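# just coords:
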């Protein structure tokens, strides 16, 4: 019998090889935070969207997620198993069994089993449609098939499949997206230096831009559709056999067989509304009927389209304006700069005429009588309950339907906006009162502060104490509390500096004993005792999350804990997810990488709490979805694009200012707002 003796080094090597083999066989999985986020997504999948009836659009699986250890992006199936390994900076939405992926600033494609069918090599790509995807090659667009083979060379400004064997093309190139995350969507997001965000539709190849020369080709590149703008304004929705057609920069009406009802002669063209369509000839506006004949000759300098059922519209001629009827006769002559129909609600029901005079706005009723004089900075709104809302000198003013004010000349309504519930808060000087829907007093102007609770119920402060008033103006709780939160059924109330939880009938659910408290959901609340905060179950006063020093607050899918100038992120049951001694930390776990501040510099940490990029940047770094796998980071005075490992992205030049316009204000973690 032969006995083999292993040396310590050989044994260690064998164990390492076996461990590596096992590791290769084991598929990666989402972090605990990623699993919680996926579960939340599944719970809302298919729910009704806001007030729309029926389910919302279901999620597409495999679903792109970046909440893996290390913070790279992959995709998971509905059961959470990994379909696309997490090795990309960004993964798009699947269509035609393909999803775009981005790595090192370049795009490729994977299939639903995670196979890389097109290696990352393109600067910009489109989603697959009819088995083809548009790709960018040196600023020109071509088309690849499902295997990544170039089937139509990159010679166009834009190309997209509109059928399995037909492709719309344009010589003009119009990209959307954001800086560093350009795409072919046609929707461009920009962050101007003055602040804010602008979203503009730049137009696709069909676009809302009829001057673009477009056409339709087959797979061989031969034109099978005529050049010209495929898009045109509809003429008669009841008769699609007649359509507007543009030729030599003029519009005409053509039958389906190509013959002309009206040869091109209009500079501008519109749709039939109440039997009339607005057109422009030689710079003058008139109206034609469905046969193409003029009902109102083109004699007006300006005219608005007729609104359905109104029988009149605004027009200007020879410097004078007013309302004309459907025969072109004046119904009302005015000296106003402009008038247009005032509508409200989802059905755009008319309630009068906005008019502009001396650069100020007013309101007429439908018969032309003045409801509100031209004294406002913008057009007048009407609420569903009939109230009118106007804006003047940075202040909102409220009126009854007849134009009479709902507030006295020396007062203003604080919460009378459309959708608000009476009673409304009236402020005169530095005191507050309550008025009903018609502006009649319910409670005198005597309070130091008023806070909305719900459904017309208000918390009010008088002589240093808080009470609660119902929608009818009667006291629900006498003013004897140091603090009252919002909430109807159970809310926080404070007596002698301690917080407790009170029922709607004024009895205590939990007597005051906390230093701070806030209702978290129907079952739990954040409470602070002895400089520590935890999550308390209201039913039995047991701890859902044991107290920790400092304060806690909710963030999306998790809890933030803050103590001694450091922040940590916990699960909703109190497990430590990210605790790296950060002074500040991002709150968007679904990004996969969170920015954090330590010792004056910003770095990146994944949702498992592992630092991916050590702090070295001068500002926060955010991998928002719209940036498609890059972020802008500032170092040494310049903003540069980086990938999810902190490496510079080639082909995207650095900038002197933040291209994203900044990330907004600082998140405050507090038990009580």
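Happy to help now that I have it. Everything numeric here is computed off the predicted structure, so don't read it as measured data.
# quick one: secondary structure of residue 619?
The local conformation at residue 619, judged by DSSP: H, G, I helix; E, B strand; the rest coil, is coil.
# Residues touching stretch 566-576, excluding its own?
With contacts defined as C-beta atoms under 8 Å, 6 or more residues apart in numbering, stretch 566-576 is touched by 32-33, 36, 535, 544-546, 552, 555, 557-562, 577-585, 589, 594, 609, 669. For glycine as for every other residue, the C-beta is placed from the backbone atoms N, C-alpha and C.
# Tell me the buried residues in that stretch?
Across stretch 566-576, burial judged by 16 or more other C-beta atoms under 10 Å covers 566-570, 572, 574.
# Let me have these in TSV, adding secondary structure, distance to residue 406 and pLDDT as columns.
Output for the buried residues of stretch 566-576, formatted as TSV (DSSP: H, G, I helix; E, B strand; the rest coil; distance: C-beta to C-beta, whole Å; pLDDT from 0 to 100):
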residue	secondary structure	distance to residue 406	pLDDT
566	strand	50	97
567	strand	46	98
568	strand	49	98
569	strand	47	98
570	strand	48	98
572	coil	44	96
574	coil	50	96
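# lowest-confidence helix or strand of the chain?
helix 8-25 (a mean of 40; mean pLDDT, DSSP states H and E).
# right, and residue 333 touches residue 322 too?
Yes. Using C-beta atoms under 8 Å, residue 333 makes contact with residue 322 at a distance of 4.2 Å.
# Apart from its neighbours in sequence, what residue is nearest the residue nearest in space to the middle of the chain?
By C-alpha atoms, centre = their mean, the chain has its centre lying nearest to residue 199, at 10.4 Å. Taking C-beta to C-beta, 6 or more residues apart in numbering, and ignoring the residues beside it in sequence, residue 199 has residue 189 as its nearest neighbour in space, at 5.4 Å.
# Counting by contacts, list what the host helix or strand of residue 553 packs against.
If you go by DSSP states H and E, residue 553 is part of strand 551-555. Judged by 3 or more C-beta pairs under 8 Å, 6 or more residues apart in numbering; DSSP states H and E, strand 551-555 is in contact with strand 524-529, strand 532-537, strand 558-563.
# so which of these gets nearest residue 275?
Nearest to residue 275, of all these, is strand 558-563, at 59.5 Å by C-beta to C-beta.
# Could you tell me which residues within that closest one count as buried?
558-562.
# re the thing from before, now for the residue nearest to residue 199: which residues touch it?
Residue 189 touches 176-178, 197-199, 626, counting by C-beta under 8 Å, 6+ apart.
# partner strands of the lengthiest strand in the chain, parallel or antiparallel?
Using DSSP state E, we find that the single longest strand of the chain is strand 349-357. With DSSP bridges as the test, strand 349-357 is paired with strand 338-344 (antiparallel), strand 360-364 (antiparallel).
# Low-confidence stretches in the chain?
Residues of the chain meeting the criterion pLDDT under 70: 1-25, 47-57, 194, 201-214, 225-232, 663-664.
# one more time with 80, if that's ok
1-27, 46-58, 191-215, 225-233, 256, 662-665, 673 (pLDDT under 80).
# Can you check my assumption that the residue nearest to residue 199 lies in a strand?
Yes. Assessed with three-state DSSP, residue 189 lies in a strand.
# neighbour count winner among residue 333 and residue 322?
The neighbour comparison of residue 333 against residue 322 (other C-beta atoms under 10 Å) goes to residue 322, with 18 against 12.
# Which residues are in contact with that one?
314-315, 330-334, 336, 339.
# now, of the strands paired with strand 349-357, which is deepest in the fold?
Ranked by mean neighbour count, the strands paired with strand 349-357 are led by strand 360-364 with a mean of 21 (mean count of other C-beta atoms under 10 Å).
# Now do that one: distance to the chain's middle.
Centroid separation for strand 360-364 versus its chain: 32 Å, with C-alpha atoms, centre = their mean, to the nearest Å.
# neighbouring contacts of it?
The contact list for strand 360-364, computed with C-beta under 8 Å, 6+ apart, reads 339, 342, 352-356, 370-380, 388, 390, 403.
# just checking, next helix/strand downstream of it?
Immediately after strand 360-364, counting by DSSP H and E, sits strand 370-376.
# chain center to that next one: distance?
For strand 370-376, the distance to the chain centre is 34 Å (C-alpha atoms, centre = their mean).
# Adjacent strands (with direction) for that strand?
Counting by DSSP bridges, strand 370-376 is paired with strand 360-364 (antiparallel).
# Count the neighbours of residue 95 for me.
For residue 95, using other C-beta under 10 Å, the count is 14.
# Equivalent analysis for residue 332, please.
Neighbours around residue 332, by other C-beta under 10 Å: 17.
# Bridge partners for it, pull those for me.
Here residue 332, judged by DSSP bridges, has bridge partners residue 323.
# quick one, what contacts it?
Residue 332 touches 322-323, 368, counting by C-beta under 8 Å, 6+ apart.
# just those now: which is nearest residue 93?
residue 323 (49.3 Å).
# Quick check: the closest one touching residue 368?
Yes. Using C-beta under 8 Å, residue 323 is in contact with residue 368, at 6.9 Å.
# Those two: who's more crowded?
With neighbours defined as other C-beta under 10 Å, residue 323 and residue 368 compare such that residue 323 has more, 22 against 16.
# contacting residues around the more buried one?
Residue 323 touches 312-315, 330-332, 339, 353, 368, counting by C-beta under 8 Å, 6+ apart.
# ok so, going back, can you tell me which of the contacts of residue 332 is closest to residue 71?
When the contacts of residue 332 are compared against residue 71 (criterion: C-beta to C-beta), the nearest one is residue 323, at 62.1 Å.
# Would you mind measuring from the closest one to residue 296?
13 Å (C-beta to C-beta, to the nearest Å).
# thinking again about what came up before, from memory the residue nearest to the centre of the chain sits against residue 185, does it?
No. With contact defined as C-beta under 8 Å, residue 199 does not reach residue 185; the gap is 11.0 Å.
# still on that earlier bit, top of the contacts of residue 189 by neighbour count?
Counting by other C-beta under 10 Å, top hit in the contacts of residue 189: residue 178 with 22 neighbours.
# So that residue versus residue 593, what's the distance?
Per C-beta to C-beta, residue 178 is found 18 Å from residue 593.
# re the thing from before, which among the contacts of stretch 566-576 count as buried?
32-33, 36, 535, 544-545, 552, 555, 557-562, 577-578, 580, 582, 584-585, 589, 594, 609, 669.
# before we move on, the earlier item: tell me which two of the buried residues of strand 558-563 sit farthest apart.
Largest pairwise distance in the buried residues of strand 558-563, by C-beta to C-beta, is 13.1 Å, between 558 and 562.
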